[in-house]
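Novice: I would like to see how this sequence folds:
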Amino acid sequence: MHDISVVDLSRLQFAATALYHFLFIPMTLGLTFMLAAMETVYVITGKEIYKKITQFWSKLFLINFALGVATGLTMEFEFGTNWSFYSSFVGDIFGAPLAIEGLMAFFLESTFIGLMVFGWDRLRPGQHLAVTFLVALGSNLSALWILVANSFMQDPVGATFNPTTMRMELTDFAALIFSHDAQAKFVHTSIAGYVTAAVFVAGVSAWYMLKNRHMELARRSFRMAMLFGVLATAGVITLGDALGFVGAQAQPTKLAAMEGLWKTESAPMPFNLMAFPSQTDRTNHGAVQIPYALSLLVTHSLTGTVPGIDTLEQQAAERIRGGIPAVDALRTLSGDPGNAAALAQFREHEKDLGYGFLVKRYADDVTTATEAQITKASQDAIPQVAPMFWSFRVMVVMGLAMLAFFVLGLIYTMKNNVQHQRWFLRVAVWMIPVPFLACEAGWLVAEVGRQPWTVYGMLPTWMSASTHSVGYMVFSLIGFVTLYTIFIVIEMYLMVRAIRKGPDEDHAPHDAVRHASKRPAELPTSFTEA
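Specialist: Next comes the predicted model:
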C-alpha cells in the first residue's frame with residue numbers, strides 16, 4: 001500500500017506545477033485570436049497603425065508563449081515519474097491525445113510562430129495573416145487534445161478495462177474526442193483564455209492612456225479588447241452553465257460539493273449564495289440562500305432535483321460492496337488468467353471495480369472489509385466541500401465582475417471618451433490579475449472536484465502514485481516550486497519591461513527618456529502586486 005504522505009506530496013507537486021503552468025496558457029490561447037483580429041483589420045483597411053498594434057502585442061505574446069512552453073514540458077514527465085501506476089493503467093488512452101497534441105498542434109504552432117515573427121517583410125499581408133490564423137489554430141488545437149485527455153479522467157468514455165493486461169484499453173476514439181465533457185470543457189477553457197487576453201490588453205492600454213503615451217495605439221487596442229471581451233465573457237458564462245449541466249450528470253459528487261449540498265432536498269432546491277461548509281459537522285454555517293435557484297441552474301426546471309452528499313455516500317457504499325467481488329476476481333486472474341469462474345465473477349461486477357479499489361485503502365484483502373471500513377471509503381468518495389464551494393464562487397463572482405467591466409468599458413469607448421474616465425482606466429489596470437485568478441479557481445473546481453479519483457469512478461488517486469520516498473518528494477517539490485517561481489519572475493520582468501518600453505521605443509527615444517525617470521503611479525512594479 002502506498003504511503004499516503006507520498007501520495008499527498010505527489011498531488012501537491014503536480015498541483016503546484018499545473019497552477020504555475022496555467023497562468024500562461026489562457027493568455028496564449030486568447031492573444032493568438034486577438035492578434036489575428038487586429039491583423040485582419042490591418043489587411044482590410046491597410047492602416048499602418050493596426051500593423052503596429054499587431055506587432056506590439058505579438059512581442060508580449062511571444063514572452064508568454066516561451067514561458068508557457070518551459071513550464072509545460074516538465075508536467076508530462078511527471079506522469080511517468082510520480083504517477084507510474086496511473087500511466088500504466090491508462091497509458092493506452094491518455095497517451096493518444098497527448099501524442100497527437102505534440103505531433104499536430106504543437107509543431108504546427110511552433111513552426112508558424114517563426115513565420116509570424118520573422119515574416120512581416122518576407123510575406124505578403126494576406127499570407128502573413130494566414131500564418132497568424134494558423135498560429136491561433138495551433139494554440140487552440142493544442143488545448144483541445146490536452147483537454148480531451150483530461151476529460152477522460154473526468155468522464156472515462158470510449159475505453160474498457162482488460163482484466164488480463166490490468167490496463168484500460170481504448171475502444172472508441174470518436175467517443176473519447178466527442179465526449180460531452182471534452183467538448184464543453186474545451187470551449188469553456190478557450191473562451192476563458194479570450195477573456196484573459198482581453199482584460200490584459202485593456203489593462204495595458206489603459207495604463208498608456210493614463211500616462212498619455214501611445215494614445216492612438218492604446219485607444220484602438222482598448223476598443224478591440226472591449227468588443228472581444230464582451231462577447232467572450234458572455235460566452236464563457238453561458239458555456240460554464242453548460243459545463244455545469246454536463247458535470248452534474250457525469251460527476252454528481254463534484255456538484256454536491258460545489259453547492260454545499262449535504263442532504264438531498266425536494267424541488268425546487270435553493271442555491272447557497274454564501275455559506276461556511278464544515279466537513280466535520282456535515283452542514284453549512286451561516287448559509288444565505290436564494291430560493292428555487294439551484295433547480296433552475298442545474299436542471300433548468302423548477303421540478304428537478306440533484307442528489308445530496310448523504311444520498312451519494314449511500315450509493316458509493318452500495319457500489320463498494322458491488323466492487324469487492326470484482327477486486328477479488330481480479331486478484332485471482334492476476335495469478336490464473338484462464339480462470340473462467342473468476343472471469344465470470346469479474347464481468348458481473350466490473351462496473352463497480354473502481355469503488356472496490358476505494359476500500360482497498362483500508363483493507364488490503366477487500367473480502368474482509370468491515371462495514372466501518374466501507375463507510376469510511378464511501379465518505380472518501382466525496383471531495384473536500386469547502387475548497388470546492390469557495391473556488392466555484394470566486395470564479396463566478398470574478399466572471400460577473402469582468403462582464404460588468406467590459407460592458408461599461410464598451411460604452412465608454414463607443415462614446416470615444418474613455419481616455420477621460422481616469423477612474424475607470426485605473427480600474428482597468430488593476431483588473432489584469434482577475435481573469436488569471438478566475439482561471440486558477442476554475443482549475444481547482446475541475447481537479448479538486450474529481451477527488452478521490454485520478455480516473456473518475458475507475459482509479460483512486462491513492463493507488464496512482466509511484467513508490468517514491470518522502471524525502472525524494474519533498475526535494476523535488478521544493479525544486480519545482482523554486483524553478484517555476486523563477487519562471488514567473490522572469491515573465492513579469494520581461495512583460496513589465498516590454499510594456500514600459502512601449503511600441504515606439506526604437507523610433508522615439510526621447511519618449512522613453514522622458515518617462516523612465518518617473519515611476520508610474522498606476523502600474524505596479526510587477527503584475528504580481530496586482
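
Novice: Now do the contacts for residue 52.
Specialist: 217, 503 (C-beta atoms under 8 Å, 6 or more residues apart in numbering). In this view, the C-beta of every residue, glycine as well, is placed from N, C-alpha and C.

Novice: Let me see the mean pLDDT of the helix or strand in which residue 49 is found.
Specialist: Here residue 49 sits within helix 48-82, counting by DSSP states H and E. Averaging pLDDT along helix 48-82 gives 86.

Novice: Mind listing what's buried along that helix?
Specialist: Residues 50-68, 70-72, 78-79, 82 are the ones in helix 48-82 that count as buried (16 or more other C-beta atoms under 10 Å).

Novice: counting contacts, what elements does the next helix-or-strand element following it pack onto?
Specialist: Following helix 48-82 in sequence order, the next helix or strand is helix 84-100 (DSSP H and E). Using 3 or more C-beta pairs under 8 Å, 6 or more residues apart in numbering; DSSP states H and E, the elements in contact with helix 84-100 are helix 48-82, helix 125-154, strand 159-162, strand 167-170, helix 173-177, strand 453-455, strand 459-460, helix 461-464.

Novice: Which strands and helices lie in contact with the shortest one?
Specialist: By that I understand strand 459-460. Using 3+ C-beta pairs under 8 Å, 6+ apart: strand 459-460 touches helix 84-100, helix 353-360, strand 453-455.

Novice: Contacts made by that strand with the rest, please.
Specialist: 86, 89-90, 354, 357-358, 361, 452-454.

Novice: now with 10 Å?
Specialist: 7, 85-86, 89-90, 153, 156, 161, 168, 353-361, 377, 380-381, 451-454 (C-beta atoms under 10 Å, 6 or more residues apart in numbering).

Novice: Specify the angle between the helix holding residue 49 and helix 84-100 in degrees.
Specialist: Interaxial angle of helix 48-82 relative to helix 84-100 (axes from the mean of the first three to the mean of the last three C-alpha atoms, to 10 degrees): 150 degrees.

Novice: now helix 48-82 and helix 125-154, what's the angle there?
Specialist: Interaxial angle of helix 48-82 relative to helix 125-154 (the same axes, to 10 degrees): 30 degrees.

Novice: Off-centre distance for helix 48-82?
Specialist: 16 Å (C-alpha atoms, centre = their mean, to the nearest Å).

Novice: swap in stretch 95-109?
Specialist: That offset, for stretch 95-109, works out to 18 Å (C-alpha atoms, centre = their mean).

Novice: Extract the CA atoms of that stretch and return them as PDB.
Specialist: Output of stretch 95-109 as PDB, limited to C-alpha atoms (Å, rounded to 0.1, in the frame of the first residue of the first chain):
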ATOM      1  CA  GLY A  95      -1.100   8.800 -24.500                       C
ATOM      2  CA  ALA A  96      -3.000   9.100 -27.700                       C
ATOM      3  CA  PRO A  97      -4.300  12.700 -27.500                       C
ATOM      4  CA  LEU A  98      -1.100  13.900 -25.900                       C
ATOM      5  CA  ALA A  99       0.900  12.400 -28.800                       C
ATOM      6  CA  ILE A 100      -1.500  14.000 -31.300                       C
ATOM      7  CA  GLU A 101      -1.100  17.300 -29.500                       C
ATOM      8  CA  GLY A 102       2.700  17.100 -29.800                       C
ATOM      9  CA  LEU A 103       2.700  16.000 -33.500                       C
ATOM     10  CA  MET A 104      -0.100  18.100 -34.800                       C
ATOM     11  CA  ALA A 105      -0.800  21.100 -32.700                       C
ATOM     12  CA  PHE A 106       2.500  22.000 -31.000                       C
ATOM     13  CA  PHE A 107       4.600  21.600 -34.100                       C
ATOM     14  CA  LEU A 108       2.100  23.400 -36.200                       C
ATOM     15  CA  GLU A 109       2.000  26.300 -33.700                       C
END
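
Novice: what is the mean pLDDT for that stretch?
Specialist: 77.

Novice: The helices and strands packed on helix 84-100: which one's closest to residue 387?
Specialist: helix 461-464 (15.1 Å; C-beta to C-beta).

Novice: what stretches of the protein score poorly on pLDDT?
Specialist: 1-4, 105-106, 245, 247, 504-530 (pLDDT under 70).

Novice: and it, what are its domains?
Specialist: 28-66+83-251+385-465, 309-380 (automatic domain parsing).

Novice: Quick one: end-to-end length of the longest one, please.
Specialist: If I follow you right, that is domain 28-66+83-251+385-465. One end of domain 28-66+83-251+385-465 sits 31 Å from the other (C-alpha to C-alpha, to the nearest Å).

Novice: cool, and the shortest one?
Specialist: End-to-end distance for domain 309-380: 11 Å, by C-alpha to C-alpha.

Novice: measure stretch 287-299 end to end?
Specialist: Terminal residues of stretch 287-299 lie 22 Å apart, using C-alpha to C-alpha.

Novice: Could I get the buried residue list for that stretch?
Specialist: For stretch 287-299, a neighbour-count test (16+ other C-beta under 10 Å) marks 294-295, 297-299 as buried.

Novice: Likewise for stretch 152-167?
Specialist: 152-159, 161, 163.

Novice: Please apply the same query to stretch 362-381.
Specialist: Residues 362-363, 366, 369, 373-381 are the ones in stretch 362-381 that count as buried (16+ other C-beta under 10 Å).

Novice: okay but residue 229 is in contact with residue 404, surely?
Specialist: No - Residue 229 sits out of contact with residue 404 when judged by C-beta atoms under 10 Å, with a separation of 11.0 Å.

Novice: Please identify which of the two sits among more neighbours.
Specialist: Shown here are residue 229 and residue 404; by other C-beta atoms under 10 Å, residue 229 has more neighbours (28 against 10).

Novice: Look at the more buried one and give its secondary structure.
Specialist: Using DSSP: H, G, I helix; E, B strand; the rest coil, the structure places residue 229 in helix.

Novice: ok, now which ones touch it?
Specialist: 30, 34, 194-199, 201-202, 402-403, 405-407, 409-410, 435.

Novice: Just the buried ones out of the residues you listed, please.
Specialist: Counted by 16+ other C-beta under 10 Å, the contacts of residue 229 give 30, 34, 194-199, 201-202, 402-403, 405-406, 409-410, 435 as buried.
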